[in-house]
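# Below are the sequence and a predicted model; questions follow.
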Amino acid sequence: MNHSLKAWNTFGIDQYANELVCAENEQQLLNAWQSANAVHHPVLILGEGSNVLFLDAFHGTVIANRIKGIQVTERPDAWHLHVGAGENWHHLVQHTLQLGMPGLENLALIPGCVGSSPIQNIGAYGVELQRVCEYVDCIELITGKHLRVTAAECRFGYRDSIFKHEYQDRFAIVAVGLRLPKQWQPVLTYGDLTRLDPSTVTPQQVFDAVCHMRTTKLPDPKVQGNAGSFFKNPVVSADVAQVLLSQFPTVPHYPQKDGSVKLAAGWLIDQCQLKGASIGGAAVHQQQALVLINAGNAASHDVVQLAHHVRQKVGEKFNVWLEPEVRFIGPQGEVNAVEIIA
């Protein structure tokens, strides 16, 4: 256990792994995975570690996917991008805007790599990856065979995809295909974006507004370790939402196409007066209750106990039970985060 993972997870949790490999191409990734698999060691393929919590030392090989490259194909109606899984997501957003290819601006400053984006179906300020995703290129780890998964086959849901289920341990994502239509349509449904004029707004203005909201409300992982939004925004039935609204008329709620209603986890946590609450070195962020931070040498169990405390308080007050958005990694691989904090 001589490879520290502290620099490889944005929470800054000091755990260790048996082996650590930085893969800059598909062959390096395959070789590392197959070598570990041959001796029955667990393997974790990691992007920038911006959405993981290491619960313990990892008893195997951690592979950091750093496969790079951005290719653009222009067609009359849209730009088609083929992006290496190891590219930084925010750098991609900036790059496309600089080249005059809007469409990703609502997703600015989401931490992590491009290859992680379809796993979570990342989303912010009214836009999810599935809006722009065309395909995901994978390699089957045992055989090395290539597979192109169309957006429809990805089974995108709220912070969900096929890569969290059937494909989780069998495939590694090596590239993501994006389609950015030339007829740009601004999405101005959340936060400060609602104040912008849809008839005159530019993609740069949307980008700037999103960056402003994120930097003023969210802590910089380089300054205070965190994994972004710790909990998913809960989605409840219309009946449950109606009961909640009768008790708490100001609860923010967003009706979904299937009749369900999405609630704002941050608001629910805030109503329990939990901003600033801490256990050990872990704390609820003062500005954004949805973010748990490493306030000072937090251990894994500090974060777990704090997440449990937050979940209990929200459950007792609203009868809504939060689920972590962050992936929990045990000694052998990913474990059920809800079970850990229940």
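Great, that's in hand. Numbers count the residues shown, from 1 in each chain.

# Would you map the strands across the stretch 1-150 of the chain?
If DSSP state E, counting those that start in this stretch is used as the criterion, the strands of the stretch 1-150 of the chain fall at 3-4, 16-23, 43-46, 52-54, 58-65, 70-74, 78-84, 123-124, 127-128, 133-140, 146-150.

# For Q247, find the nearest of the ones you listed.
Proximity to Q247, assessed across the strands of the stretch 1-150 of the chain by C-beta to C-beta, is greatest for strand 123-124 (28.0 Å). From N, CA and C alone the C-beta is placed, and that goes for glycine too.

# Identify all contacting residues around the closest one.
With contact meaning C-beta atoms under 8 Å, 6 or more residues apart in numbering, strand 123-124 is reached by 106-107, 110, 129, 158-159, 210, 214.

# so L178 sits in a strand?
Yes: counting by DSSP: H, G, I helix; E, B strand; the rest coil, L178 is part of a strand.

# and H301, what does it touch?
G280.

# Could you dump the strands of the stretch 1-150 of the chain into a markdown table and include distance to A283 and mean neighbour count?
Output for those, formatted as a markdown table (distance: least, C-beta to C-beta, whole Å; neighbours: other C-beta atoms under 10 Å):
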| stretch | distance to A283 | mean neighbour count |
| --- | --- | --- |
| strand 3-4 | 23 | 14 |
| strand 16-23 | 24 | 19 |
| strand 43-46 | 25 | 22 |
| strand 52-54 | 15 | 24 |
| strand 58-65 | 25 | 23 |
| strand 70-74 | 37 | 13 |
| strand 78-84 | 35 | 20 |
| strand 123-124 | 23 | 18 |
| strand 127-128 | 29 | 20 |
| strand 133-140 | 35 | 21 |
| strand 146-150 | 39 | 14 |
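
# so which of the ones you listed gets nearest P331?
strand 58-65 (4.5 Å).

# Would you mind saying which of the strands of the stretch 1-150 of the chain lies nearest Y254?
Among those, strand 123-124 sits nearest to Y254 (C-beta to C-beta), with 11.9 Å.

# What strands line up against the closest one, and which way round?
strand 127-128 (antiparallel) (DSSP bridges).

# contact partners of the strand it pairs with?
Contacts of strand 127-128 (C-beta under 8 Å, 6+ apart): 106-107, 121-122, 156, 158, 187.

# Quick one: buried ones out of those residues?
Buried subset of the contacts of strand 127-128 (neighbour count, 16 or more other C-beta atoms under 10 Å): 106-107, 121-122, 156, 158.

# from the contacts of strand 123-124, which ones fall inside helices?
When DSSP state H defines the helices, the subset of those inside them is 210, 214.

# For the contacts of strand 123-124, could you give me TSV that also reports distance to Y254 and pLDDT?
Output for the contacts of strand 123-124, formatted as TSV (distance: C-beta to C-beta, whole Å; pLDDT from 0 to 100):
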residue	distance to Y254	pLDDT
N106	15	97
L107	18	97
I110	19	93
L129	18	97
Y158	11	87
R159	14	88
V210	18	96
R214	19	91
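
# Pretty sure C211 sits against A108.
Yes: at 5.4 Å, C211 counts as touching A108 under the criterion of C-beta atoms under 8 Å.

# Looking at those two, which has the bigger crowd around it?
More neighbours surround A108 than the other of C211 and A108, with 22 against 16 (other C-beta atoms under 10 Å).

# between the strands of the stretch 1-150 of the chain, which one is nearest to G281?
Per C-beta to C-beta, nearest to G281 of the strands of the stretch 1-150 of the chain: strand 52-54, 13.3 Å.
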